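Trainee: What would the 3D arrangement of this be:
(one chain, ligands or ions: 1)
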Amino acid sequence: MDKLVIHGGRRISGTVAASGSKNSSLPIIAATLLAGKGTFTLHRIPELHDIATFTQLLQHLGVETTFTNNTLKVSTENVQSILAPYELVKKMRASIYVLGPLLARFGEAKVSLPGGCAFGPRPIDLHLMAMEKLGAEIRIETGFITASVKGRKLHGAHIDFPVSSVGATGNALMAAVLAKGVTTISNAAAEPEIETLCHFLSAMGADIKGTGTTELVIEGVETLQAIEFTNVFDRIEAATLLAAAAITGGSITLNGVEPSQLKAVLKKFVHAGCLISTENSSVTLKSPEQLLPTDVTAKPYPSFPTDMQAQWIALMTQASGKSLITDKVYHERFNHIPELNRLGAHIEIKNNQAVVHGPRKLSGTTVMSTDLRASASLVLAGLVAEGVTEVLRVYHLDRGYEKIEMKLNALGAKISREKYKEFS
Ligand code: UD1
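Mentor: Residues are numbered from 1 along each chain as shown. The predicted structure follows:
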């Protein structure tokens, strides 16, 4: 396995380009299944484990793909299977994204149940509810979701999500674009990744109204075509890089971003004492002498993202006082806290709220990644810790951060990747 060895105490400063978004790449790649012919050319797709897993899943279905220099070419003409097997789904929950497109195009799908997750229960009931509303019959048996549609064609419906769900909204959208009639989705997720999916589907020929809002109206069309498309930036990677500069007292300019999508996060950086300036497609952050304590509550977009909560906790270990961090999306997403405390942080969990007591001098030790964003928080802590921090199980980080140590090293960090063996 790989670990990252971080020599802490160095400033992160300079200019860096944001990578393409992982969480918008996945539904876009899934949506290619909706087209019966032609080849898609998708630019700015990040080179990440999750993308590799997802393209592997599509290849398993019979899809042809090639990936060079962040451009993914996809041809979905010869799909031969509608089965997403356990071996691939268990690696990545987002595999459930094939359910909607397969049902819409073929009238049937069989997808392994995704199973548990490192930071609490992550049900898929809303995905299934949406498919049923659109006319699918769903059976759960032998660990699989087996879905089929009478007459092979979904029909329009009114879907009202009781909880805002990115994945369920994406799946419902991808199913509805080829359904017969009109579908309305209320309380749809309005995350930029869903907005991007709407733009992508519309460019393919779908009829979607309300893009970027929580009320979507979709009029089904007969066919969709293959297109060329450029993905958006990764707002979580971008925010993490800003935090890397802020936690080390550095200054950073991020290029290739859309500042409006970072609004909630930038507001918190300002509250923490950072100077922020934005241009059309860049953000610059200058750190203060001393970070100020700043509470955050993670909620659906446009609020502060749950995927940045762990990194914010790491940042607040260096602020002058007490910060309260709450996660309203995943109430128990706090696996990173014991590991941050092993580095010298003082963080308590009280009533599902993290109480971060700063500033604390962190000192390097060996810590374990437990999930993607938890790993990012450990890397941030390692950057400011005295001495050497070793972050084990880096495969979690590799799921979502493109060339992270290269990017950070170019900005002044000293991080190496080394192999190690885990005792079992
Ligand atoms: C996506 C992101 C993930 C992010 C999350 C919340 C991808 C690949 N992943 O995950 O990084 O942390 O959004 O912004 O884009 N829920 C249900 N039933 C369901 C589905 C969800 O109750 O059927 C609940 C979840 O438990 C959670 C909330 O809805 O509390 C939001 O989850 P959701 O937006 O669906 O997360 P994902 O799409 O899985």
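
Trainee: and the residue lying closest to A238 once chain neighbours are set aside, what is it in contact with?
Mentor: With sequence-adjacent residues excluded and distances taken as CB to CB, 6 or more residues apart in numbering, A238 is closest to A18, at 4.7 Å. Placement of C-beta: from N, CA and C, glycine included. Residues counted as contacts of A18 (CB atoms under 8 Å, 6 or more residues apart in numbering) are 233-234, 237-238, 241, 254-257.

Trainee: Against the ligand, how distant is A18?
Mentor: 17 Å (CB to the nearest ligand atom, to the nearest Å).

Trainee: Which member of the contacts of A18 is positioned nearest the ligand?
Mentor: D234 (10.9 Å; CB to the nearest ligand atom).

Trainee: Neighbours of the spatially closest residue to the closest one that is not a sequence neighbour, how many?
Mentor: Nearest non-adjacent residue to D234, counting by CB to CB, 6+ apart: S21, 4.2 Å away. S21 has 25 neighbouring residues, counting by other CB atoms under 10 Å.

Trainee: Helix or strand next in line after whichever helix or strand V270 is part of, which one?
Mentor: V270 is part of helix 263-271, with elements assigned from DSSP states H and E. Remark: after helix 263-271, the chain's next helix or strand is strand 275-279, criterion DSSP H and E.

Trainee: And the pLDDT for the closest residue to S277 other than its chain neighbours?
Mentor: Using CB to CB, 6+ apart and skipping the chain neighbours, the partner closest in space to S277 is T284 (4.9 Å). Note on T284: pLDDT of 98.

Trainee: thinking again about what came up before, from A168, how far off is the residue nearest to A238?
Mentor: 27 Å (CB to CB, to the nearest Å).

Trainee: How about E386?
Mentor: Counting by CB to CB - E386 and A168 are separated by 45 Å.

Trainee: more crowded one of those two?
Mentor: A168 (26 against 14).

Trainee: thought the more buried one was touching D160?
Mentor: No. The pair A168 and D160 does not pass the contact test of CB atoms under 8 Å, sitting 11.5 Å apart.

Trainee: R44 - how many residues pack around it?
Mentor: Neighbours of R44 (other CB under 10 Å): 20.

Trainee: ok, the residue lying closest to it once chain neighbours are set aside - contacts?
Mentor: Distances taken as CB to CB, 6+ apart put G20 closest to R44, at 3.6 Å, once the chain neighbours are dropped. By CB under 8 Å, 6+ apart, the residues touching G20 are 43-46, 70, 231-234, 402.

Trainee: among those, which are in strands?
Mentor: Among the contacts of G20, DSSP state E puts H43 in strands.

Trainee: are any of the contacts of G20 buried, and which?
Mentor: Neighbour-count burial (16 or more other CB atoms under 10 Å) is assigned, among those, to 44-46, 70, 231-234, 402.

Trainee: Check these against the ligand and report the nearest one.
Mentor: Using CB to the nearest ligand atom, those come closest to the ligand at D234, 10.9 Å.

Trainee: Now do the contacts for that closest one.
Mentor: Residues in contact with D234 (CB under 8 Å, 6+ apart) are 18-23, 46, 402.

Trainee: again, but for T366
Mentor: So T366 contacts 389-390, 392 (CB under 8 Å, 6+ apart).

Trainee: Spatially, and excluding backbone neighbours, which residue is closest to I415.
Mentor: E405 is the one closest to I415 (CB to CB, 6+ apart), at 4.2 Å.

Trainee: name the element that neighbour belongs to?
Mentor: Going by DSSP H and E, E405 is in helix 404-410.

Trainee: got it, and Q80?
Mentor: Assessed by DSSP H and E, Q80 sits outside every helix and strand.

Trainee: Distance check, the nearest residue to N78 once chain neighbours are set aside against the ligand.
Mentor: Counting by CB to CB, 6+ apart, the nearest residue to N78 once its immediate chain neighbours are dropped is G62, at 5.2 Å. Counting by CB to the nearest ligand atom, the gap from G62 to the ligand is 23 Å.

Trainee: my guess is G62 contacts I82, does it?
Mentor: No. Counting by CB under 8 Å, G62 sits too far from I82 to count as a contact (9.7 Å).

Trainee: Comparing these two, which residue is more hemmed in?
Mentor: Legend: neighbour count by other CB under 10 Å for G62 and I82, higher for I82 (22 against 14).

Trainee: sorry, back to before: what's the neighbour count on the residue nearest to I415?
Mentor: So E405, with other CB under 10 Å, has 20 neighbours.

Trainee: residues contacting it?
Mentor: Applying CB under 8 Å, 6+ apart, the residues near E405 are 4, 413, 415-417.

Trainee: Just give me the closest of these to the ligand.
Mentor: Distance to the ligand, by CB to the nearest ligand atom, is smallest for L4 among the contacts of E405, at 21.0 Å.

Trainee: Flag every residue of the stretch 51-200 of the chain that's near the ligand.
Mentor: Residues of the stretch 51-200 of the chain found near the ligand (CB under 6 Å from any ligand atom) are 93-94, 122-127, 163, 165-168, 189, 193.

Trainee: Sorry, slip of the keys, the one I care about is the stretch 201-350 of the chain.
Mentor: Residues of the stretch 201-350 of the chain lying near the ligand (CB under 6 Å from any ligand atom): 306-307, 329-330.

Trainee: still on that earlier bit, can I get the buried ones among the contacts of G20 in JSON lines including pLDDT and distance to T142?
Mentor: Shown next, in JSON lines, are the buried ones among the contacts of G20 (pLDDT from 0 to 100; distance: CB to CB, whole Å):
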{"residue": "R44", "pLDDT": "98", "distance to T142": "39"}
{"residue": "I45", "pLDDT": "98", "distance to T142": "33"}
{"residue": "P46", "pLDDT": "98", "distance to T142": "34"}
{"residue": "N70", "pLDDT": "98", "distance to T142": "38"}
{"residue": "N231", "pLDDT": "98", "distance to T142": "36"}
{"residue": "V232", "pLDDT": "98", "distance to T142": "38"}
{"residue": "F233", "pLDDT": "98", "distance to T142": "41"}
{"residue": "D234", "pLDDT": "98", "distance to T142": "36"}
{"residue": "E402", "pLDDT": "96", "distance to T142": "37"}
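
Trainee: What is the most widely separated pair among these?
Mentor: V232 and E402 (14.1 Å; CB to CB).

Trainee: Strands of the stretch 251-400 of the chain, start to end?
Mentor: When secondary structure is read from DSSP state E, counting those that start in this stretch, the stretch 251-400 of the chain shows strands at 251-255, 275-279, 282-286, 296-298, 322-327, 346-350, 353-357, 366-368, 388-392.
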